[in-house]
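In: What follows is a predicted protein model with its sequence.
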Amino acid sequence: MRWFYSLSCLYGLLSLGEGQSTQGLVNLVKRRLPAHVDNFSFALAPGNHTPGLTNDQYTVKCDSGKVSVQGNSLSALSSGLHRYLTDVAHVDIYWFIGSQLDKLQSLPGCASFNGSSIVPWRYHFNTVTFSYTAAFWSWEDWEDELDWLALRGVNLPLAWNGFEKILVEVFEELGLSQPEIFDFLSGPAFQAWNRFGNIQGSWGGQLPMAWINSQFDLQKQILQRMTGLGMTPVLPAFTGFVPRTFPNLYPNASVVNISQWSGFPTQYTNDTFSDPSDPLFAQMQKSFITKQQQYYGNVSSIYTLDQFNENDPISGNLTALEQLAYTVWQSLKAADPNAIWMLQGWLFFSNSDFWTNDRVEAFLGGVTKNTDMLILDLFSETQPQWQRLNSYYGKPWTWCELHGYGGNQGLYGQVMNVTINPIDALANSSSLVGFGLTMEGQEGNEIIYDLLLDQAWSGSPIDLTTYFHNWATTRYSNATQGILPPQIYQTWDALLHSVYNNTDVTAAQAVTKSIFELAPNATGLLNRTGHHPTTITYNTTTLVKAWQTFVSAANSTPSLWTNEAYQFDMIDITRQVLANAFNPLYSSFVAQTNLTALHTADTSALNASLTAASHTQSQLLALLTTLNGLVCLTPCSAPESSLPSWVSAARAWADSNSSVSDFYAFDAVNQVTLWGPTGQISDYASRQWCGLISGYYLPRWQMFTGTYLNSLTTGQPVNQTQLQTQLLNWEEQQQGPLASANFSLQDVAALPSVIRQIESEWCPTLGC
């Protein structure tokens, strides 16, 4: 028996009551399978179950057209329901394309089966997911997400919405004025980093109270749904970041301005931090948590609190670090005696030069009761810290898959690491209590996320060949109402052994970025490593062949062309194939316009290269035009699926206020382009979106290639500094136009003809 089973008294507040209702699960069936609501029954098994301590178990039985699910928790019940729907009925709910559950005509019978989780917690979300993906989500978007989470067994989701409402009230209670408070708050697309203390203020306009109130109302809906589905929300706590004028009101307060973040000007960074040892910190903490409990009820005692995300404490002294953590912990316990402090462990990796083993041990040691803390090992599949840090010195922790940064969209995965490594960790760390997803943005690659959540229910590494086969069966079965063509399985097997099987984490540690999304340059774009690798770690010919096989599946089974899942995946795979083709064209263009290599005195060589480079330029720009036309066929309207959808979702929160609407749209555009007032982390959150390709990336490459062609014509080298300044000035000028441009999505019914056109036009380049 693992050690944490003896700690149930510490989680007593979270224990299930005997009379807990299954109505939340019944309501899910009403939403998603209304024709079959009377054919499902749910029952909680008698006995004690404590979230975070007890593994979940379910049993599913079929009898005379009825499906009964019994389990020891609501999360167990929803997991059992999901397994029936996917493995038996072959339907599911997905990101981007939504629920396919209503496609189920009748309920197939089944032999009785059961399941048991191997960890008590299944966690979801990164703090920044609330900006990169969910910044402008409506309640309808959240309903889809929460049903997705429930069915996949997630029982510990982060819940940040509404934070600013309570923060404003705490600051007002202390005597700060609204202008002082609102000068501190950041825009709707950047709130995650304001919450982290990385940035302050807004460069696109001031956050209105209407936004704060609407997000607060949304949070109440989210929390009600989470708890109804058996989830334990992770709520925010007060972190200590305060408006810059705070010391004017409290001159004796102990505060410090923390370090600059990512090159932002002082106006927007160097946030003011209230020392946790100051009584004012504990006062603000108690006020914040008390107000939160009054508004939401006693829904959770697990609090997310990150003070050193990409900034360091002012002192590395071991005693000071221990005392710092102790005072933060005590502020939580004073406000909520059952409080558990959840910490994203990103700081221990990203600032590892500061966070040496002895400093981490001292800091975590400040929380003297291990079970009062929960650490997210945020990047376990690539940069695990739990081994270096001795399982966080006994603190409970979760094995997390980060996978991708900024919502980047490359096809990518580490299937071996995501299945083998968490099982190894479970065998070698007595304080491991969960698996979790901590992606910065939900950009796609959904099978990779499903894989880890399903691994949480398997005591041995999942058989990947079988898993990919079964996943594809469920994803497309309603398109044929019968046997899928073999090309479907051949395609997914090829994807398993190429894009989803990266084993070189030095070359590509996360989702890859295509170079056409980056500011054009003659050097430094190819074979990047780090957070946003451009290195392609698989044979691109394999992906081209997989794409051709996928096309042939629909040619043999035409009903696939009208299946939303197939449409989405066809666009996604084709997008990656075309994006990969940009690299050799770019390399050719750079070589063809290299004046030094060409010897400028040789006029005939220059003319020949000018002709070749002009042709390559045409191909580069035509490829981007083709890509934009392809992704504008997206079958979904999720906010994070295209530039027009992203901007439209932002504007929808402004009601009829045009100036506020323009501010929200500006914020939305700025995040996926410049990411800052003057491009502080430009292209970090780049997306291969309809509208963004045609309206932003393509014009940049036109400017770049035009400049280099002119250099060949004149024989004069390109002034790199001047070109980069010209590009940045243009990027800054496009923020407003992109926010108001009328980019429109196209009817996905045209997909077959578009694919045929791509084959005809681009196969010579692709090597089809």
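Out: Yep, it's here.
In: All the strands of the stretch 201-350 of the chain, in order from the start?
Out: In order along the chain, the stretch 201-350 of the chain carries the following strands (DSSP state E, counting those that start in this stretch): 235-236, 241-242, 255-257, 272-274, 302-304, 340-344.
In: Quick one: closest of these to residue 413.
Out: Among the strands of the stretch 201-350 of the chain, the nearest to residue 413 by CB to CB is strand 340-344 (22.0 Å). Glycine gets a C-beta too; all of them are placed from N, C-alpha and C.
In: tell me which residues of stretch 224-233 are tucked away?
Out: Buried residues in stretch 224-233, counted by 16 or more other CB atoms under 10 Å: 225-233.
In: Identify the farthest-apart pair in those residues.
Out: Maximum pairwise distance in these, criterion CB to CB, is 13.1 Å, between 225 and 232.
In: which residues touch stretch 555-562?
Out: 476, 479-480, 484-485, 487, 553-554, 566-567, 749, 751-752 (CB atoms under 8 Å, 6 or more residues apart in numbering).
In: Give me the buried subset of the residues you listed.
Out: When these are checked for burial by 16+ other CB under 10 Å, the buried set is 476, 479, 484-485, 487, 553-554, 566-567, 751-752.
In: Turn the contacts of stretch 555-562 into a markdown table, columns for pLDDT and secondary structure.
Out: Formatted as a markdown table, the entries for those read as follows, by pLDDT from 0 to 100; DSSP: H, G, I helix; E, B strand; the rest coil:
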| residue | pLDDT | secondary structure |
| --- | --- | --- |
| 476 | 96 | helix |
| 479 | 69 | helix |
| 480 | 68 | helix |
| 484 | 96 | coil |
| 485 | 97 | coil |
| 487 | 98 | helix |
| 553 | 98 | helix |
| 554 | 98 | helix |
| 566 | 97 | helix |
| 567 | 97 | helix |
| 749 | 96 | helix |
| 751 | 98 | helix |
| 752 | 98 | helix |
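In: got a markdown table for those, with distance to residue 51 too?
Out: Supplementary listing: the contacts of stretch 555-562 in a markdown table, determined by distance: CB to CB, whole Å:
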| residue | distance to residue 51 |
| --- | --- |
| 476 | 35 |
| 479 | 38 |
| 480 | 40 |
| 484 | 38 |
| 485 | 43 |
| 487 | 44 |
| 553 | 43 |
| 554 | 44 |
| 566 | 38 |
| 567 | 38 |
| 749 | 46 |
| 751 | 44 |
| 752 | 48 |
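In: Residue 481 - how many residues pack around it?
Out: A count of neighbours around residue 481, defined by other CB atoms under 10 Å, yields 9.
In: Which of the helices or strands spans residue 80?
Out: helix 74-83 (DSSP states H and E).
In: ditto for residue 374
Out: Assigned by DSSP H and E, residue 374 belongs to strand 373-377.
In: Who are the packing partners of that strand?
Out: Based on contacts counted as 3 or more CB pairs under 8 Å, 6 or more residues apart in numbering; DSSP states H and E, the elements that strand 373-377 packs against are strand 340-344, strand 397-401.
In: Next, the angle from the next helix or strand after the last one to strand 373-377.
Out: Pointing back at strand 397-401 there. Using DSSP H and E, the next helix or strand after strand 397-401 towards the C-terminus is helix 415-428. Calculated by axes from the mean of the first three to the mean of the last three CA atoms, to 10 degrees, helix 415-428 forms an angle of 150 degrees with strand 373-377.
In: Check which residues of helix 415-428 are buried.
Out: Residues of helix 415-428 classed as buried: 415, 417-419, 421-423, 425-426 (neighbour count, 16+ other CB under 10 Å).
In: out of those, who's nearest residue 202?
Out: For these, the minimum distance to residue 202 (CB to CB) is 37.3 Å, reached by residue 418.
In: In contact with that closest one, which residues?
Out: 381, 401, 448, 451-452, 455.
In: Give me the helices and strands touching the helix holding residue 80, please.
Out: Helix 74-83 is packed against helix 23-32, strand 40-44, strand 57-63, strand 66-71, strand 113-116, helix 139-151, with contacts defined by 3+ CB pairs under 8 Å, 6+ apart.
In: Residues in contact with that helix: which ones?
Out: Taking CB under 8 Å, 6+ apart as the criterion, the residues outside helix 74-83 that touch it are 20, 22, 24-25, 28-29, 40, 42, 44, 51, 56-60, 69-71, 92, 113-115, 117, 122, 150-155, 229-231, 457.
In: Buried ones from those, can you make that a ChimeraX selection?
Out: Here is the ChimeraX command that picks out the buried ones among the contacts of helix 74-83, judged by 16+ other CB under 10 Å:
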select :22,24,25,28,29,40,42,44,51,56,57,58,59,60,69,70,71,92,115,117,122,150,151,152,153,154,155,229,230,231,457
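In: related to what we said a few turns ago, next structured bit after the strand holding residue 374?
Out: Stepping forward along the backbone from strand 373-377, the first helix or strand reached (DSSP H and E) is helix 390-393.
In: Near residue 544, how many other residues are there?
Out: Using other CB under 10 Å, the number of residues around residue 544 comes to 20.
In: wait, I meant residue 112
Out: Other residues lying near residue 112 total 10 when counted by other CB under 10 Å.
In: Next: residue 734.
Out: Residues lying near residue 734 (other CB under 10 Å) number 18.
In: Please state the offset of stretch 240-260 from the chain centre?
Out: Its chain's average C-alpha position is 32 Å from that of stretch 240-260, according to CA atoms, centre = their mean, to the nearest Å.
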